[in-house]
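> for reference, the sequence and a predicted model appear below.
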Amino acid sequence: MRFAFKTSPQNTTWPDMLAVWKEADDIEIFESGWTFDHFYPIFSDPAGPCLEGWMTLAALAQATRRLRLGTLVTGIHYRHPAVLANMAATLDIVSGGRLELGIGAGWNEEESGAYGIDRFEEACEVIVSLLTRPTTDFAGRYYQLTGARCEPKPLQRPHPPVCVGGSGERRTLRTAARFAQHWNFVGGTPGEFARKRDVLHAHCRDIGRDPQEIMLSSHVRLGADGDAGPVVDTAAALGDQGLDLAIVILPPPHDPAVLAPLAEALAPLR
């Protein structure tokens, strides 16, 4: 199993987040770091502080040398896909080819349905086209592009790995089967993960794609007490169901001191 961490940029400070990422950059077991893409804090006081995810990611790219980095995940309805494609290409260049392009229809099916979840599949098609082709013409229901360019192209070819986050079985997982190199399970029981995994793999078979081309990850939450035991147990149980990458959510206030004990506890699962 492989490991990563996530610092949601809410209810925290920039110096604290930065300290965690700098420390993690020197701890080999953590292969990537992640932020999120919300404008208000979630599951807490919405009036609290919340740093913008892509801006923090760009700054963190300059403060690190090794970690791959991404957002779990970018809300597709927040930005036009042509804007997002250009942001992704630029950040991949700025980071030296370390970007993981996390995208999703919205953080829950009810919310994304209100915005029009069908937009998500169109947006993925537009983004991949802009990142890989000299020009893009697209005539969809939600997006129309004529001779659109995205230059320069990202360093990673054909494009940065696309991480689709979400568990909607009919549409989100179908879109992941078409476009993703990485699927992220937001979190839950091993049984729930296994069921969603099977749905994703069925969509892959329907379009003739090898399911093994898609890495499987899940959030695993570290408690406020910093006890790594539950993280290890959850990651191990998910690993028994085929999980490739456990992404540990670090609770605020962010403190780099939690990283070394966490890495030591996770090492036997590698």
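Great, that's in hand.
> excluding covalently adjacent residues, which one is nearest to residue 10?
If you skip the residues right next to it in sequence, residue 10 has residue 41 as its closest partner in space, 3.9 Å away by CB to CB, 6 or more residues apart in numbering. Every residue, glycine included, has its C-beta placed from N, CA and C.
> what of residue 30?
Distances taken as CB to CB, 6+ apart place residue 24 nearest to residue 30, at 4.8 Å, with adjacent residues excluded.
> wait, the one you found touches residue 260, no?
No: in this structure, residue 24 sits apart from residue 260 without contact. The criterion is CB atoms under 8 Å, and the distance is 9.9 Å.
> quick one, which of these two is more surrounded?
When residue 24 is set against residue 260 and neighbours are counted by other CB atoms under 10 Å, the residue ahead is residue 24, at 26 against 13.
> biggest helix in the chain by residues?
Of all segments of type helix in the chain, defined using DSSP state H, the longest is helix 190-206.
> okay, that helix in PDB with CA atoms only?
What follows is helix 190-206 as a C-alpha-only set of coordinates in PDB (Å, rounded to 0.1, in the frame of the first residue of the first chain):
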ATOM      1  CA  PRO A 190     -14.500  -1.500   3.400                       C
ATOM      2  CA  GLY A 191     -17.800  -3.000   2.200                       C
ATOM      3  CA  GLU A 192     -18.900   0.300   0.800                       C
ATOM      4  CA  PHE A 193     -15.600   0.800  -0.900                       C
ATOM      5  CA  ALA A 194     -15.700  -2.700  -2.400                       C
ATOM      6  CA  ARG A 195     -19.200  -2.100  -3.800                       C
ATOM      7  CA  LYS A 196     -18.200   1.200  -5.500                       C
ATOM      8  CA  ARG A 197     -15.000  -0.400  -6.800                       C
ATOM      9  CA  ASP A 198     -17.100  -3.100  -8.400                       C
ATOM     10  CA  VAL A 199     -19.400  -0.600 -10.100                       C
ATOM     11  CA  LEU A 200     -16.300   1.300 -11.400                       C
ATOM     12  CA  HIS A 201     -14.900  -1.900 -12.800                       C
ATOM     13  CA  ALA A 202     -18.200  -2.800 -14.400                       C
ATOM     14  CA  HIS A 203     -18.200   0.600 -16.200                       C
ATOM     15  CA  CYS A 204     -14.600  -0.100 -17.300                       C
ATOM     16  CA  ARG A 205     -15.600  -3.400 -18.800                       C
ATOM     17  CA  ASP A 206     -18.600  -1.800 -20.600                       C
END
